[in-house]
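# all I have is the shape, not the residue letters:
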């Protein structure tokens, strides 16, 4: 179907973690427009069942038919586990496929770690995707349910957070991984903490750059139409619940100058 | 309106914390039947806006018109902040009023601390209610957003949890409180940790016993009809999302023998 190249790109997350993906995409494709939707009224997804996550994803994708877009980036790993099970009239990019691809290329010793929410770990999406690309790789997963609340509490540079990350990551270090997938879009906010705990030997892979690579490839292959040059990018931010912490965290992630609008979405 | 004394008592919470209230009530009023509803598909409430919490509370109370009860205990402090703003055909007990009453009686030095979710703290419900009862009391509040995820992660007897509770409670100890309201129904699960951090000088007040006192008074005053003696209590458990962690935590709080049914509720 012909798609209007001037339509924005939709970015969806259960909350605010997906803003790390939006930040990367909006810088990398500065001429494109973006519409961000955070389902903050029902965050977190990572502790909920596949059935509930699938229902929420479908409802949120319906928002992007009312606010037309040329593609939707599901910038939430827990929601990405359900992408293959919901219908969409526009192309959908999940964050798991490109993360798995980049990790497979990065790892030299074929031992890859994954830190993610419980829902993402239970889905086995990363091991399945990595094994499709490189059957011999060993994948070690660790669910980290406390990291999203720690980020949302603003404790991202904190000795207690270092302790918790260390506890989660220790078994993966013992397993001698050389690559760690940050399998939740909140986790790049803890990049410095991960760097301290992991040391120089382990490379991290985050979703933002990986999904950017995939979109750039699709622009080049004319699978996704590039916006006509001109006006520069417009970003609109929607959330299903707006609290004080939303604005604080959104400004911290995106920088205050980037926020053009902050609107309530009824899902 | 005449109420059927044999109807169960409804107990509602955003998740599983309210099971600490159910445990107390079902032991104290062992002949009564109970229906518990946990809105686990949308947990937590404590980080969300008053508007969203009010909408969710109204939707959950509607469940208790389909599953008739003679009263509803809103065993969630964040939801209790919105009780006065929603309609109900049966009596509703919130957890804030009895907690404030018990703390006012317990405190000797008129310096009361409150630990709660961000939504409960922002609502100012506890200070308002305590000042109605005892105008001269000083109330010191502390939002503790990480405690619910720590309980749900099962880290309730853990050095990291001790550190986090200590950080939250320190300003209240400096303020020389002699009574601390555990203003979230998850927190009694951390009672041992609070005891360690607070020492012997500070008494804690939890919702379960306070709400039990109020219900016992209403039974005695014939405001709430007592179930006819006979069969003993039946407990039915409903949740809007059922995941593996629900069952584990429910069994830990209630004891495996108590769980009669575990059912999915469509809200």
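Arrived safely, thanks for sending. No experiment lies behind these values; they were computed from the predicted model shown.
# quick one, helices of chain A?
Counting by DSSP state H, chain A has helices at residues A:19-28, A:50-66, A:77-80, A:96-106, A:118-123, A:125-133, A:147-152, A:159-174, A:191-198, A:207-220, A:244-254.
# OK, contacts around residue A:13?
A:19, A:21, A:36, A:37, A:38, A:39, A:74, A:75, A:76, A:79, A:185 (Cβ atoms under 8 Å, 6 or more residues apart in numbering or on different chains). C-beta here means a position set from N, CA and C on the backbone, and glycine is covered the same way.
# top of those residues by number of neighbours, please.
The most crowded member of the contacts of residue A:13, judged by other Cβ atoms under 10 Å in any protein chain shown, is residue A:76 (37 neighbours).
# ok, for that one, nearest residue in space, not its chain neighbours?
residue A:13 (4.3 Å; Cβ to Cβ, 6 or more residues apart in numbering or on different chains).
# quick one: pLDDT of the one you found?
For residue A:13, the pLDDT comes out at 96.
# kindly state the beta-bridge partners for it.
Beta-bridge pairing for residue A:13 (DSSP bridges): residue A:38.
# just the terminal-to-terminal distance for stretch A:150-170.
The first residue of stretch A:150-170 is 19 Å away from its last residue (Cα to Cα, to the nearest Å).
# mind showing which ranges of the stretch 151-267 of chain A have poor pLDDT?
Within the stretch 151-267 of chain A, the segments meeting pLDDT under 70 span A:257-261.
# can you tell me which residues in it are near chain B?
Applying Cβ under 8 Å from any Cβ of the partner chain, we find that the stretch 151-267 of chain A lies next to chain B at A:152, A:153, A:155, A:160, A:163, A:164, A:167, A:240, A:241, A:242, A:243, A:245.
# next up, the contacts around the second one.
It refers to residue A:153. Listed by Cβ under 8 Å, 6+ apart, the contact set of residue A:153 reads B:145, B:146.
# do the same with the third one
Taking Cβ under 8 Å, 6+ apart as the definition of contact, the neighbours of residue A:155 are A:161, B:146.
# and the fourth one, by the same measure?
Contact criterion Cβ under 8 Å, 6+ apart gives A:150, B:160, B:163, B:164, B:167 as the residues in contact with residue A:160.
# and which of these is nearest to residue A:175?
Checking these against residue A:175 by Cβ to Cβ gives residue B:160 as the nearest, at 22.2 Å.
# walk me through the domains of chain A.
Listed by automatic domain parsing, the domain ranges of chain A are A:9-94+A:210-264, A:96-207.
# which of the residues of the stretch 151-267 of chain A next to chain B are buried?
A:152, A:153, A:155, A:160, A:164, A:167, A:240, A:241, A:242, A:243, A:245 (16 or more other Cβ atoms under 10 Å in any protein chain shown).
# in a markdown table: those, plus distance to residue B:255.
Converted to a markdown table, these look like this (distance: Cβ to Cβ, whole Å):
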| residue | distance to residue B:255 |
| --- | --- |
| A:152 | 33 |
| A:153 | 32 |
| A:155 | 34 |
| A:160 | 32 |
| A:164 | 29 |
| A:167 | 29 |
| A:240 | 37 |
| A:241 | 35 |
| A:242 | 40 |
| A:243 | 36 |
| A:245 | 36 |
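# which of the residues you listed sit farthest apart?
Going by Cβ to Cβ, the pair spanning these furthest: A:167 and A:242, at 33.4 Å.
# the stretch 1-150 of chain A against chain B: which residues are in contact?
A:40-43, A:47-49, A:51-52, A:118, A:145-146, A:149-150.
# export those to TSV and tack on pLDDT and neighbour count?
Listed next are these as TSV, based on pLDDT from 0 to 100; neighbours: other Cβ atoms under 10 Å in any protein chain shown:
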residue	pLDDT	neighbour count
A:40	94	26
A:41	95	25
A:42	95	24
A:43	92	26
A:47	91	24
A:48	93	27
A:49	94	20
A:51	94	14
A:52	96	22
A:118	94	19
A:145	94	22
A:146	96	23
A:149	91	21
A:150	94	24
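# can you redo the domains of chain A as a markdown table with distance to residue B:104?
As requested, those are exported to a markdown table (distance: least, Cβ to Cβ, whole Å):
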| stretch | distance to residue B:104 |
| --- | --- |
| domain A:9-94+A:210-264 | 29 |
| domain A:96-207 | 30 |
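# burial of the closest residue to residue A:191 other than its chain neighbours, as a residue count?
Excluding its sequence neighbours, the residue lying closest to residue A:191 (Cβ to Cβ, 6+ apart) is residue A:204, at 6.9 Å. A count of nearby residues for residue A:204, using other Cβ under 10 Å, gives 18.
# which residues touch residue A:204?
So residue A:204 contacts A:179, A:180, A:181, A:182, A:191, A:194, A:195, A:198 (Cβ under 8 Å, 6+ apart).
# closest to chain B out of those?
residue A:194 (17.5 Å; Cβ to the nearest Cβ).
# grab the nearest non-local neighbour of the closest one.
Ranked by Cβ to Cβ, 6+ apart and with sequence neighbours excluded, the top spatial neighbour of residue A:194 is residue A:204, at 5.8 Å.
# that concludes my questions; thank you for your assistance.
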